[in-house]
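1. Sequence and predicted structure are below.
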Amino acid sequence: MHYQQLLEEIKNRIDIVDLITEYIDLQKTGQNYKSLCPFHAEKTPSFVVSPSKQIFHCFGCGKGGDIFTFLMEYEKISFIEAVSMLAKRVGLEFKPVNKSMSQISKEKLYELYETASNYYIEQLKSSEKAKNYLKSRGINEKSIEIFKIGYASGEKNLLYTFLKGKGFDDNLINSSGLVNNNNDFFRNRIIIPILDLTGRVVGFGGRLLDSTSQLPKYINSQDTPIFKKGENLFGLWHSKQYIREKGYVMIMEGYMDVILCHQYGFKNAVAPLGTALTQEQLEKAKRIFNNLKKFTNRILLIFDGDEAGVLAAQKSLLPLFYGGFIAKIVLLPDKEDPASFLQKYGEKAFKNLISKALSPVDLIMKIYLEKNLNEGIHKFLIILSYIEDPIYCDELIRELSEKTGVNESALRDQLKRIVYSKSSKSHKNYNNDIKILSVPKEEEILLRIAISHSEKINYIFQKINIEDFENELIKNIFLKIEKLHNHGQFSTNKLLNILNEAEKAFISKLIINSQIDEDLIIQNMNDCIKNLALKSIDKKIKKTAKIGDEKILSELIKMKKTIMRNYNG
C-alpha cells in the first residue's frame, strides 16, 4: 500500500474521538467535544475535538492536529512511531522505507527483548522460590502482571538456548546485553523490564534472590543501541498518565519502591536506574529530566531520613534546578524506604508524609541549622544560581530570608555575585526563541475558506499570487494546498498528512474556530483577494517612489485604481 494511502486508511479506520477518549475524558458540547487540555495545566476546558473534521485543537496552548499529532504529543513519540502504532492497531502492515542497518538492528533488538521478557514471565510461573520472594516483598499478582515481572533461573544458558530456538542470530543474541559468550547475563534473579515511552521493552533490572551471595543485589542490563541506563527512568511509561493528572512526579530510589507505590495507588512514582542525581552526574541527569519534562516540571523527592538520605536530597537540588524543575522533599523515618513504609503503615500514613513535604529551604535549614548556617546559606545560593525560572528563584530567596533572618537584599546581592563569577561557564539550557508572527486577517480568512470550501480553491488560485502572502506559515500551507490541488488530490486529510506540526496546529484552530458567515463567503473571499492585491501594489508603489521612476509609478497607480474599481463595482 502506498504511504499516503496507508495514512488515509488509518484515519478511515480510527475515529479521533474514540482514540482521544482512551486517554482523557471528553464531554459533548454541540457538534464538538471538549475537555481540559492534556498538554498544559488549565481550569477551564479549552481542548476541542471535532468529529466531523477528525481534528483537535487546544485554544489554550495552541496544540492541534489529527490522530497522529495527538499520539505524538501525548506519547512523546516520532511521527513514524505514531504511524507504526496506529497501523498495528488496525491490522495494517507498515514498513518504513529507507531503513538503515542500525534501524534494522534496533528493530531486531526490540523483538529480542520482547521475546526475552515473555520468557522470563513464563519462568516466574514455574518458580515457587521466586514467587515466594515477591510475596514476601508485598507484591501482588496484579502488580506482577502490570510490570511484567519475571524470573531468571540459576542455569547458565537457558535464555540463550531459548532465543536460539526462536531463530535469533548468534551475533545478535551475544551483543544484546542479555547473553555473553553464550552465557546468560541474569541468573537467579527477579527480572523487572524497563520500558521506553512507547511501552517497548528496552532493558531489564535484576534483583538477586540469594541474600548470602557476594554478588551485587541489583544489576541492570548493559547499554545497547536501544537502551542507555543513564537516560531512563523506571516506571515512567506506567506513570506518565498519572503524572499529568497529579501535576507532579515522585522520584524514589528503587524498583520495588516504585512497584509498591503503584500498588498502593501512588501511580506517579518513578526511579532513576542507578544514576545519582548529583552535580557530578549533571549531564546524565539532564538527559533523564528531558524525558520527564515532557510530562511535568514538579518533582517530589522521596529519600531515607538518615544522614546519607538527607545529603543525597541536597545534592539532587542542583540538577533539578538546572533542569528547570520545582522541587519538594519527603524524608522517610529512619531505616524505612517507600516500600517498607507502605507495608508497615499503609496508604494514609504515606499521604500524610507527602502532605508534610519540605521545601528546598526547609531541607537546608534541617541540615545546617545546628551546624554552620552561613555555610548552608552560601551553598544554597550556589544551587539557586542554576535556576532558570526567576519567579521560582524569587520565591526561594524570600523564603530563605524569612526562615534564616538574613536580609533579603543581602541574599540577592550575594546571589548576583555568584552568578557573575560563573558567567564564563556554560550551564544554561539554550532554548530557541519562538518568533510569533502576526497573521494578516485576509490571509487567515482565505485559508479558512480554501479548507472549508474546497470548491473555491480554483477561484482563489486564479486571483492571488502566493508570494504576496506576508505570513510564512500560511504561505507554506497554501503552497502545499496548491500542490495537492494541481494533482486533483486535495482534501483536508491529505493536507494534514503533509503538514508539519506547527502547520497542523494552525489549521486545526482555523477549522474548529470557523467564524465565516456561509451567506457571505463570496464577499469575504473577494474582499480578502482585493486587500492582498492592494497590499502588494502598495509595496511596489512605495519601492518605486524611492527609486523615482515616474513611468512605472504611474502604471502602478492605474493598476491600483483598476483593482479597487473591479472589486468595488
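-> Thanks, I have the structure now.
2. list the contacts for the spatially closest residue to Y74 that is not a sequence neighbour?
-> Nearest non-adjacent residue to Y74, counting by CB to CB, 6 or more residues apart in numbering: Y23, 5.7 Å away. For glycine as for every other residue, the C-beta is placed from the backbone atoms N, C-alpha and C. When the contact criterion is CB atoms under 8 Å, 6 or more residues apart in numbering, the partners of Y23 are 38, 70, 74, 241.
3. from those, which single one is nearest C58?
-> Looking at these and their distance to C58, the nearest is P38, at 8.7 Å (CB to CB).
4. which SS state does the nearest residue to that closest one once chain neighbours are set aside fall under?
-> Residue nearest to P38 in three dimensions, not counting chain neighbours: I24, with 5.1 Å by CB to CB, 6+ apart. Secondary structure of I24, reduced to three states by DSSP: H, G, I helix; E, B strand; the rest coil: coil.
5. For burial, what's the neighbour tally of I24?
-> Counted with other CB atoms under 10 Å, residues neighbouring I24 total 17.
6. how far away is it from F70?
-> 10 Å (CB to CB, to the nearest Å).
7. count of neighbours near I259?
-> Burial of I259, expressed as a neighbour count using other CB under 10 Å, amounts to 28.
8. Test my guess that it contacts E145.
-> No. When contacts are counted by CB atoms under 8 Å, I259 is not listed as touching E145 (11.5 Å).
9. low-scoring pLDDT stretches of the stretch 251-400 of the chain, where are they?
-> Scanning the stretch 251-400 of the chain with the threshold set as pLDDT under 70 gives 274-287, 290.
10. show me where it has helices.
-> Taking DSSP state H, counting those that start in this stretch as the test, the helices found in the stretch 251-400 of the chain are 255-263, 282-292, 307-322, 338-355, 360-368, 373-384, 390-404.
11. Dump the ones you listed into TSV; add distance to I445 as well.
-> Formatted as TSV, those follow (distance: least, CB to CB, whole Å):
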stretch	distance to I445
helix 255-263	50
helix 282-292	39
helix 307-322	46
helix 338-355	51
helix 360-368	51
helix 373-384	49
helix 390-404	38
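12. closest to N566 out of those?
-> Of the helices of the stretch 251-400 of the chain, nearest to N566 by CB to CB is helix 390-404, at 54.9 Å.
13. Pull out the buried residues from the helix or strand just after that closest one.
-> Where DSSP states H and E defines the elements, the next helix or strand beyond helix 390-404 is helix 408-421. By neighbour count, with 16 or more other CB atoms under 10 Å as the criterion, the buried positions of helix 408-421 are 411-412, 414-415, 418.
14. just curious, which of those is nearest to Y113?
-> For Y113, the closest of those turns out to be I418, at 45.7 Å, with distances computed as CB to CB.
15. if you skip the residues just before and after it, what's nearest to the closest one?
-> Leaving aside its sequence neighbours, I418 sits nearest to S385 (CB to CB, 6+ apart; 4.8 Å).
16. Report the contact partners of D169.
-> Residues touching D169, when contacts are defined by CB under 8 Å, 6+ apart, comprise K108.
17. Let me see the domain layout of this structure.
-> Using automatic domain parsing, the domains assigned to the chain come out as 3-89, 101-227, 242-421, 441-568.
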